[in-house]
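1. make a model of this:
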Amino acid sequence: MRLLYNRWATCLMAISLTIISSSSIFIISINELTTTCLIVISIFGFYNSILETYVALTFIHPGKRKDSLEGDNWEQIRLQHDGPEIAIVKNKNFKNGPLMLMIHGWRSSSSSMLGRAELYLKRGFNVIIMELPGHGSSEAVDKWNAGVSVRNFMFLFNNLDDICDTSLISEIYCHGHSMGGFVFLRFTRESSKMEYNSLIKGYILESPLTCYSQIFEESCKMLRVPKFLKPLFWKRLRFHFNMINPGLEKISDTNDVDVPIWGLPDKPTLIVQAANDERLGQIHHERLVESFKKSDRAKLLTNIVLEDLTHAGARNCNSRNDAISNWLDSN
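-> Residues are numbered from 1 along each chain as shown. Have a look, this model is predicted:
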């Protein structure tokens, strides 16, 4: 079972089976039945080699890490659990007041959230930033997927008392950028079962990823997956996701990894969207807004699109900060 956690293990096993069975056709084939069996095994191995190669290439690593946030005002905490070790950055002078839980985006780190975090500190918030697996100082995972990040955050939230004095927390808000927003969306499905759920007052989703089905389609185009293989590729990808995320409800259809099924906040929510989102485009934003409008939670949504906000590199943005401050003032 542990082989499923290794990115290339099942792929290499399938390739090895194909090579051995194909070679055996010419080496140890004794009769027609043996030859037929070896041919069938070779075809089976080749088929699985293709699918497992696609899977391995889909579970990509974030690449070169960005440094974690450091400085006189910040401290790093590490949490151990049955998943990868979690790196957390927290403001040192934790005091009575609201708490902002933050998660950065893909290929970023806690340092990328500094500008946003400073806004919250000025407003009297305490700040805790969770680094995604394989980002900043967090432990890497061989098969990177959002499910692992969700399980990490669920563990963090359930164990807030190991990170800070929870008696000081008056209320909790969550700010997720891009992939961080996707993690928070899935968390909204689980939060009602958790001890500190009553403290959650709202979500701030900045240019969030909301539909993994779109990422799947991008992967298929990049890997040049034949159209007839896409359903089989999805089933194999789904199998791996479910096996390495036993704590989450199993996914079956691509709709399960899109809003609203993936998750939809039941608390006041602010979307701050880049008008010219160079990474995700507008489809993720549109799907989230549409999901709110079609639900009984439409009144919970405040949707703001900013012309001067970019998806990446927006560590400091005055219009974003103003939008967030105005929303916090009204909630």
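2. next one: the nearest residue to Ile25 once chain neighbours are set aside from Asn316, what distance?
-> Once flanking residues are discounted, Ile25 sits nearest to Leu38: 4.7 Å by CB to CB, 6 or more residues apart in numbering. No exception for glycine: its C-beta is placed from N, CA and C like everyone else's. Separation of Leu38 from Asn316 (CB to CB, to the nearest Å): 63 Å.
3. compare the two (neighbour count), which wins?
-> Leu38 (20 against 12; other CB atoms under 10 Å).
4. got the domain ranges for this structure?
-> Split into domains by automatic domain parsing, the chain comes to 1-58+212-253, 74-211+258-330.
5. and among the ones you listed, the most buried is which?
-> The highest mean neighbour count among the domains of the chain, using mean count of other CB atoms under 10 Å, belongs to domain 74-211+258-330: a mean of 19.
6. quick check: end-to-end length of that domain?
-> The separation between the terminal residues of domain 74-211+258-330, taken as CA to CA, to the nearest Å, is 29 Å.
7. re earlier: nearest to Lys66, of the domains of the chain?
-> With respect to Lys66, and counting by CB to CB, the nearest of the domains of the chain is domain 74-211+258-330 at 4.0 Å.
8. look up how far Ala9 lies from Ser109.
-> To Ala9, Ser109 is 28 Å away according to CB to CB.
9. where does the closest residue to Lys294 other than its chain neighbours fall, secondary structure wise?
-> Closest residue in space to Lys294, ignoring its immediate chain neighbours: Pro260 at 7.7 Å, by CB to CB, 6+ apart. If you go by DSSP states H and E, Pro260 is not part of any helix or strand.
10. pull the contacting residues for Pro260.
-> Residues near Pro260 by CB atoms under 8 Å, 6 or more residues apart in numbering: 291, 294-295.
11. just to revisit the earlier point, pretty sure the residue nearest to Ile25 belongs to a strand, no?
-> No - under the criterion used here (DSSP: H, G, I helix; E, B strand; the rest coil), Leu38 is helix, not part of a strand.
12. distance check, it against Ser49.
-> Counting by CB to CB, the separation of Leu38 from Ser49 is 16 Å.
13. with Ser178 instead?
-> According to CB to CB, Ser178 and Ser49 sit 33 Å apart.
14. where's Leu114, which helix or strand?
-> helix 114-122.
15. shaky segments in this protein?
-> Low-confidence segments of the chain, defined by pLDDT under 70: 1-5, 7, 29-30.
16. hmm, try it at 80
-> 1-12, 14, 17-18, 21-35, 38, 313-315 (pLDDT under 80).
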